[in-house]
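A.B. asks: requesting a structural model of the entry that follows:
(chains A and B)
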Amino acid sequence: MRVERVALVTTVLVLLLARSHGEDTGTGNVADQWHDPNYVHDVDHIQEHYEGKVEFNTSAMSPEELEFHYFQQHDTDDNFMLDGLEILAAITEPNRHHHHGDKKEDEVPLTIEQQEKQKQEVEENLKMMTDIVDKIFTDDDADNDGYLSYAEYLAARRKAS
Amino acid sequence: MAVGMDVVLAGCTLIFAVYSVTAELPRKKFEYKLSLKGPHLIQSDGSIPFWTHGGNAIASDQSIRVTPSLRSQKGWVWSKNTNPHEHWEVEATFRISGRGRVGADGLAIWYTTQQGMDGPVFGGKDQWNGLGVFFDSFDNDGQHNNPYVMVMLNDGTKQYDHNSDGQHQQLGGCLRDFRNKPFPVKAKIEYYKNALTLSIHNGMTNNKDDYEICVRAENVNLPRNGYFGVSAATGGLAGAVDDHDLVSFITHSMTVPVTGAQPEGKVSPEDKKKFETEFDEYWEKLQKAQEEYKQQHPDKAREMEESQAYEGAYERELRMIFEGQNGIHRVMNELHRKVDELIGRQASIESQLSARVGTPQYQQQGQPAQLPASDGMRRHEVDSLLNSQRDVSNMINDVKFLVSDIQKRSAQAQGPGGGDPFASQQLLHQIRDNMNELKTDLLSRPNQGCPPVQGGSCLTPAYFFIFMGAQLAMMIGYIVYRNSKEAAAKKFY
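C.D. replies: Modelled structure (predicted):
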């Protein structure tokens, strides 16, 4: 089990590095991110979600409260549970923002080759992320219903920390 | 004691029975690799994770426009993964909206062994192997039975009959209006233990549980490892084209519950409780913060409300329709009441008329004015009126004759004798006669003697004189006595 996890973590790390065009994002591996209590301390990101809705002093928040906000922001259908697609969206989010930024910078349409390349990248990325989501569910989805309840989510995160 | 034990045992059995019934419900698991939903529906390259779309379909973050409202469009979305589960449930949420009174062509939800891209059946391939659920907007066979929802099974041999809207090929169906609804329409297909159930949420409310069963069929055998898909097509008529938007497609696998097997939870109950209270606490805090933000930034709050108001346009439309219908209903009731009143009045007029024909009266003269203008005069009515008028003139002649007779007689009576003197003379004579009578009466009275005196109140002369004498004697006696007294007094001096 532990060996498997280490193997997975390594694979993810390698893939992430390969994907990041040589830029060092410094985020480390996503599966660990999920279990890393410091991950959600990306306060700017949480603040960004609430822009134009709520004013929060995120720096004054306890880690528990930040965790709640991370969960709440990604529960997009408001059923107080994270499903596979919501987790997928959550962990691919930095990636998505990155690409959106790219589009604005150069509005030149991509060539067919670039498109192919992008497609391939997205495909690979999805495959990797899917593995992570699968792993999160096999590890943390205690009642095996395909949803991560808040209790399951917190239990996983507290266990890791 | 034994009875008490029995009761407890019975209670336990009952609880167990209830428990086992609830345990009979299948356990569901969300299958994210066979699902799609917003708000992050597409990836950075515009593709949908685990799904492929094509034709005229346009995918956005929030939903997939399977076909835009243009002529002769076809679009589809198919899952890349096959469904390995024996029992499953899919819930497709979509909007079909168009400006026309009728729409075209329709939308289909598929579960087939092949990804049936680009075909003639609502954008899907014909002669499919598996299940097709069609939302047929357009009435091809002119039976006025559309929009229609139908389920059709196919083993790969049958060809969908467009001309009859597949009426004789369907497993079942129901007439449902799924176009232009205030909320997205939902279709839930459940395939559990070879029983297929199709439930439709008509999109009139926001309530997730407002499903109505449309089709239920037992002994349905669907192939394993099929693909899920949604396709749509528009017709060739420019006025009857719809936007077909797929909002979400959610798949759950279902497993038959093993009785007695409790899902072992890694989260201990006390932890769970702690986490939940924590959650509630933060949730309340968030709500409060949102309220505060709204108060502090009224302009942004207004913006948010405006966006909500925009979403509420459908609701407003619905409310207006309801109000309009209520108005129509009210007017109908009013009309109904008035018609009733008119019928009643007509009946009473008819009965009055027939009564008057039997016994004509003087009032009949005013009758023509009372007749309703809309009711034309009939021959027999005119006749009866003429008759009654003739009667009336006859009677008036009679009255005239009588009046003139009375006048004549009074004139005759007043004419000779000069009136008053004659009468007073007669009266004087009468008075004289009466006086004479009285005189003779008075004269004859003394002969009749003293009238009889009642009781002893009448004083006779004898008594009178006796009393007089007695009184006199008493007075004389008194005077004598006084004189003697005076004399005695004088003597004293």
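A.B. asks: quick one: the helices in the chain, in order.
C.D. replies: I'll assume chain A. Taking DSSP state H as the test, the helices found in chain A are A:2-19, A:30-35, A:43-49, A:63-74, A:84-91, A:93-105, A:112-140, A:150-160.
A.B. asks: you answered for a different chain; I wanted chain B.
C.D. replies: Counting by DSSP H, residue ranges of the helices within chain B are B:2-23, B:269-296, B:298-311, B:313-358, B:367-370, B:379-414, B:420-444, B:461-492.
A.B. asks: closest to B:H144 out of those?
C.D. replies: Taking Cβ to Cβ as the criterion, B:H144 comes closest to helix B:313-358 out of those, the separation being 21.3 Å. To be clear about C-beta, it is placed using only N, CA and C from the backbone, and glycine gets the same treatment.
A.B. asks: packing partners for that closest one?
C.D. replies: Packed against helix B:313-358 by the contact rule (3 or more Cβ pairs under 8 Å, 6 or more residues apart in numbering or on different chains; DSSP states H and E) you find helix B:379-414.
A.B. asks: identify the residues contacting residue 151.
C.D. replies: No chain was given, so I picked chain A. B:V267, B:D271, B:K272, B:F275, B:E276 (Cβ atoms under 8 Å, 6 or more residues apart in numbering or on different chains).
A.B. asks: that's the other chain; I wanted chain B
C.D. replies: The contact partners of B:V151, taken as Cβ under 8 Å, 6+ apart, are B:L131, B:G132, B:V133, B:F134, B:Q170, B:L171, B:G172, B:G173, B:L196, B:L198, B:V215, B:A217.
A.B. asks: in chain A, what residue is nearest chain B?
C.D. replies: Among residues of chain A, the one nearest chain B by Cβ to the nearest Cβ turns out to be A:G84. It sits 2.5 Å away.
A.B. asks: tell me how far B:W51 lies from B:Q170.
C.D. replies: Distance of B:W51 to B:Q170, computed by Cβ to Cβ, to the nearest Å: 27 Å.
A.B. asks: kindly state the beta-bridge partners for B:F134.
C.D. replies: Note on B:F134: beta-bridge partners by DSSP bridges are B:A108, B:M150.
A.B. asks: make TSV out of the contacts of B:V151 and add neighbour count and pLDDT.
C.D. replies: Formatted as TSV, the entries for the contacts of B:V151 read as follows, by neighbours: other Cβ atoms under 10 Å in any protein chain shown; pLDDT from 0 to 100:
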residue	neighbour count	pLDDT
B:L131	23	95
B:G132	27	95
B:V133	26	95
B:F134	25	94
B:Q170	17	92
B:L171	16	93
B:G172	14	92
B:G173	21	92
B:L196	23	94
B:L198	25	95
B:V215	19	93
B:A217	14	93
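A.B. asks: farthest pair within those?
C.D. replies: Across the contacts of B:V151, the two members that end up farthest from each other (Cβ to Cβ) are B:F134 and B:A217, 15.2 Å apart.
A.B. asks: just to revisit the earlier point, list the contacts of the residue of chain A closest to chain B.
C.D. replies: With contacts defined as Cβ under 8 Å, 6+ apart, A:G84 is in contact with A:V133, A:F137, A:G146, B:F30, B:E31, B:Y32, B:K33, B:S35.
A.B. asks: just to revisit the earlier point, return the most buried member of the helices of chain B.
C.D. replies: Sort these by mean neighbour count, taking mean count of other Cβ atoms under 10 Å in any protein chain shown, and helix B:269-296 sits at the top with a mean of 14.
A.B. asks: ok, residue 63 - how many residues close by?
C.D. replies: If you meant another chain, say so; for now it's chain A. Other residues within reach of A:P63, judged by other Cβ atoms under 10 Å in any protein chain shown, total 13.
A.B. asks: chain B is the one I meant
C.D. replies: When neighbours are counted by other Cβ under 10 Å, B:S63 registers 21.
A.B. asks: what about it, distance to chain A?
C.D. replies: Here the criterion is Cβ to the nearest Cβ, to the nearest Å. By it, B:S63 lies 13 Å from chain A.
A.B. asks: domains for chain B, by residue range?
C.D. replies: Domain assignment of chain B by automatic domain parsing yields the ranges B:25-255, B:313-356+B:376-490.
A.B. asks: which one of those domains has the lowest average pLDDT?
C.D. replies: The stretch with the lowest average pLDDT out of those is domain B:313-356+B:376-490, scoring a mean of 83.
A.B. asks: contact partners for B:N483?
C.D. replies: With contacts defined as Cβ under 8 Å, 6+ apart, B:N483 has no neighbours.
A.B. asks: B:Q167 now?
C.D. replies: With Cβ under 8 Å, 6+ apart, B:Q167 has these contacts: B:D141, B:Q143, B:D161.
A.B. asks: and it, how far from B:D136?
C.D. replies: 10 Å.
A.B. asks: try A:T130
C.D. replies: Relative to B:D136, A:T130 is positioned 36 Å away (Cβ to Cβ).
A.B. asks: more crowded one of these two?
C.D. replies: For A:T130 against B:D136, the residue with the higher neighbour count under other Cβ under 10 Å is B:D136, and the figures read 24 against 16.
A.B. asks: how far away is that one from B:N145?
C.D. replies: As defined by Cβ to Cβ, B:D136 lies at a distance of 9 Å from B:N145.
A.B. asks: cool, B:N436 as well?
C.D. replies: Distance from B:N436 to B:N145, counting by Cβ to Cβ: 122 Å.
A.B. asks: show me the contacts for the closest residue to chain A within chain B.
C.D. replies: Chain A sits closest to B:Y32 of chain B, with a gap of 2.5 Å, by Cβ to the nearest Cβ. With contacts defined as Cβ under 8 Å, 6+ apart, the neighbours of B:Y32 are A:D83, A:G84, A:L85, A:L88, A:V133, A:G146, B:F50.
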